[in-house]
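Asker: Based on what follows, work out the 3D shape:
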Amino acid sequence: MGSLISSFLPYLLFLFFVIYAFREPVYLLGIPFLMFLRSSIFFDNFKIVSIPPRLGFDGLLLCWLILVMLIFLNWSLFRPGYKQADYFIIKGVNLLDFIIICLMIMTIVNFFVVYGNYSNNEGILKEFFTLLSLFLGYFILKGIIRYVNPVTLTDFLFSIVVVNTIASFLYLLNQGLHIQIYTAAAEGEQEDFFEGQTVTRIFWFMPILWSLSIAYLIIFLKKRPITSIVFICINLLGIFLTYSRSIMLVAVFIMLLYSILIAYKKKDMRTLIRNLTIMGVASAVLFIAIMRFIPAGTKYFMDRFKQMQEAPIDDEETNTMAVRFVHTGEIIDQIGPDKELTGMGPVTEKQLYLVTDMDGATADMAWTGVVFRWGYIGLGLFILLYLVAMVKAFTLFMQAEGILSDLALLFLLILIWQVIESFFLLDFFQSQPIPDGFMVLWYFGCFSQV
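Answerer: Residues are numbered from 1 along each chain as shown. The predicted structure is shown next:
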């Protein structure tokens with residue numbers, strides 16, 4: 001079954017976005033998103049996007065993004081009479097652009113410093129390209145999305161939610177029902193023996209757009225009520241089967257925050273009570289169903305919460321937040337006072353063994369990598385980037401109505417999700433099993449017009 005799905009699913013998804021692109025060219029952007037989700041939907045098996053040995057994933061994704069942008073901006077050549085309207089409200093460079101440009105300048109300056117300081121320059125150029133791609137992707141997506149009206153953008157984002165839900169469903173079949181979906185060897189696979197059964201934790205094929213899926217489905221629930229409820233359940237089940245306490249908690253928090261923000265805007269306490277009641281009842285029903293069909297997995301997940309409560313605050317095995325901050329502090333101490341402000345730049349393990357330890361610490365907390373690569377100045381710029389974006393999104397959510405308000409709220413919830421997630425996942429520095437580079441900060445580019 002797994003080989004059948006992996007053979008046909010990528011081509012069906014590719015065909016879907018190509019067909020829809022003839023109606024709205026922004027759907028061409030779905031192809032880079034498919035590449036971003038690659039392992040979870042087997043898109044790395046798709047021959048058209050096979051990675052040339054020297055190009056690498058980031059280079060291939062850049063080529064596709066540029067190709068999509070060129071086709072999109074010249075769509076009138078394919079459809080005579082087609083006219084593009086610029087929906088971007090603020091012309092020129094805005095504050096978010098300026099912050100990202102500053103980070104790009106720091107990345108370029110650090111590259112030349114590192115290149116001049118080490119006689120062995122192996123891997124530096126590739127690492128520099130990876131770091132710079134975080135910010136280039138923002139401007140490419142912004143250049144496309146600025147010509148997309150909010151209604152079309154909303155529909156396009158739903159198509160991405162559908163793809164992520166398909167990936168969650170496949171993950172559910174494999175993890176929950178033990179149907180062999182993933183035929184390839186899964187790197188980073190973990191196995192725990194619990195109450196006489198083997199519980200497998202696979203992150204290689206894990207869907208990575210749960211922040212978009214959960215936030216979108218609860219915000220636009222009334223638009224497709226039955227579909228949205230089914231999709232929410234599938235995505236939550238997928239999150240549950242990662243057996244990650246942190247991801248599940250942030251998903252629940254985002255749903256609660258949505259209810260609070262909606263009630264705050266409407267100045268209606270009854271809305272909050274009603275939404276919380278519905279969520280509580282729905283969560284209870286879903287949890288009972290999980291206990292019925294996945295009893296061992298449920299007990300294992302609850303046992304992980306119990307371990308977290310009983311373990312000492314400095315327990316390495318439980319990997320508490322205190323332990324992660326200790327590891328981050330150890331990395332920063334080894335950087336040295338002369339590099340704390342501007343960071344180490346695109347240095348690799350070939351030049352500095354500390355990079356290996358930094359990668360391990362960054363896997364648990366993204367901010368470790370931020371300080372290591374860009375120093376405290378870069379950390380401040382990243383924090384400012386998210387704060388400015390959150391204020392902008394919240395202000396528009398409160399002041400606007402209809403679809404603009406909904407998109408602003410979606411942006412805000414995704415931002416908050418990602419900030420929380422950055423304290424226990426790679427986030428900005430995602431490598432396999434989660435792709436890195438041009439699509440990591442995709443939400444800034446997609447919501448640049450909001």
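Asker: Let me see the confidence value for L384.
Answerer: Here the pLDDT value assigned to L384 is 95.
Asker: right, and it touches I99 too?
Answerer: Yes. With contact defined as CB atoms under 8 Å, L384 reaches I99; the gap is 5.8 Å. Just so you know, the C-beta spots here come from the backbone N, C-alpha and C atoms, and that holds for glycine as well.
Asker: who's more crowded, those two?
Answerer: Applying other CB atoms under 10 Å to L384 and I99 shows that I99 carries more neighbours, namely 21 against 15.
Asker: Quickly find the element holding the more buried one.
Answerer: Using DSSP states H and E, I99 sits within helix 95-117.
Asker: Name the nearest residue to I41, ignoring sequence neighbours.
Answerer: A167 (5.1 Å; CB to CB, 6 or more residues apart in numbering).
Asker: isn't that neighbour right up against F42?
Answerer: No. Under the criterion of CB under 8 Å, A167 is not in contact with F42, lying 9.4 Å apart.
Asker: Helices of the stretch 201-350 of the chain, start to end?
Answerer: Per DSSP state H, counting those that start in this stretch, the stretch 201-350 of the chain carries helices over the ranges 210-219, 225-240, 245-266, 269-293, 295-310, 321-335.
Asker: from the middle of its chain, how far away would the lengthiest helix in the chain be?
Answerer: Determined from DSSP state H, the single longest helix within the chain is helix 366-399. Centre-to-centre, helix 366-399 and its host chain are 15 Å apart (CA atoms, centre = their mean, to the nearest Å).
Asker: go on, stretch 155-164?
Answerer: Distance of stretch 155-164 from the chain centroid (CA atoms, centre = their mean) equals 14 Å.
Asker: Kindly report the same for stretch 9-27.
Answerer: Distance, centroid of stretch 9-27 to centroid of chain: 22 Å (CA atoms, centre = their mean).
Asker: Check stretch 346-361 too.
Answerer: 24 Å.
Asker: likewise stretch 163-178?
Answerer: With CA atoms, centre = their mean as the basis, stretch 163-178 stands 18 Å off its chain's centre.
Asker: and if you look at stretch 274-294?
Answerer: The chain centroid and the centroid of stretch 274-294 are separated by 26 Å, computed with CA atoms, centre = their mean.
Asker: Could you tell me how far W417 is located from V252?
Answerer: Plainly put, W417 is 11 Å away from V252 if you go by CB to CB, to the nearest Å.
Asker: higher neighbour count, those two?
Answerer: Using other CB under 10 Å, the more surrounded residue of W417 and V252 is W417, with 22 against 15.
Asker: mind listing what that one touches?
Answerer: 211, 214-215, 250, 254 (CB atoms under 8 Å, 6 or more residues apart in numbering).
Asker: Convert the C-alpha atoms of the helix holding I99 to CSV, please.
Answerer: What follows is helix 95-117, C-alpha atoms only, in CSV (Å, rounded to 0.1, in the frame of the first residue of the first chain):
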residue,chain,number,x,y,z
LEU,A,95,9.6,47.9,8.7
LEU,A,96,9.5,44.1,8.3
ASP,A,97,11.5,44.5,5.0
PHE,A,98,14.0,46.7,6.8
ILE,A,99,14.6,44.2,9.6
ILE,A,100,15.1,41.3,7.2
ILE,A,101,17.4,43.4,5.1
CYS,A,102,19.5,44.1,8.2
LEU,A,103,19.7,40.4,8.9
MET,A,104,20.7,39.8,5.3
ILE,A,105,23.5,42.4,5.6
MET,A,106,24.7,40.7,8.8
THR,A,107,24.7,37.3,7.0
ILE,A,108,26.8,38.7,4.1
VAL,A,109,29.3,40.5,6.3
ASN,A,110,29.7,37.4,8.5
PHE,A,111,30.4,35.3,5.4
PHE,A,112,33.4,37.5,4.3
VAL,A,113,34.7,37.5,7.9
VAL,A,114,34.5,33.8,8.3
TYR,A,115,35.9,33.2,4.8
GLY,A,116,38.9,35.3,5.6
ASN,A,117,39.5,33.9,9.1
